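**Q** test case, fold it:
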Amino acid sequence: MQRVCFLLKVRQDRLEEYVARHEEVWPEMLDALRETGWHNYSLFLRDDGLLIGYLETPDFQAALDGMAGREVNERWQNDMAPYFETLDGRHADESMVPLQEVFHLD
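**A** Next up is the predicted model:
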């Protein structure tokens, strides 16, 4: 299983709204994530807007590609885009660059 950690930046003036949106993620979005190999997926948010994402998956690129083909993902990404800084016209899921894992305690 591949462990993936990535960073994104949420706009400080939208932090509360961003958190509220994740209290009720659409059931079809949750199903799509599970079906495309996103396991143990978590998001952590610092009060300055730094967002840390973590997931486990057999193949991160395949998980991204699987979600890219889902209509629900397109709707979700479009709805969430205004919450992020520096996406340069891309969706947040297209801006996820995995960090290098340097240590893991089994």
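**Q** assign Leu55 to helix, strand or coil.
**A** strand (DSSP: H, G, I helix; E, B strand; the rest coil).
**Q** equivalent analysis for Glu17, please.
**A** Going by three-state DSSP, the state assigned to Glu17 is helix.
**Q** ok now do it, which residues does it touch?
**A** Tyr83 (C-beta atoms under 8 Å, 6 or more residues apart in numbering). All C-beta spots, glycine's among them, are computed from the backbone N, C-alpha and C.
**Q** how near is it to Glu35?
**A** With distances taken as C-beta to C-beta, to the nearest Å, Glu17 is found 27 Å from Glu35.
**Q** so what touches stretch 75-91?
**A** Taking C-beta under 8 Å, 6+ apart as the rule, stretch 75-91 contacts 8-11, 14, 17-18, 21, 26, 29, 49, 92-95.
**Q** what sits up against stretch 42-52?
**A** 5-12, 15, 18-19, 22, 53-55, 85.
**Q** tell me where the chain has strands.
**A** 2-9, 39-45, 50-57 (DSSP state E).
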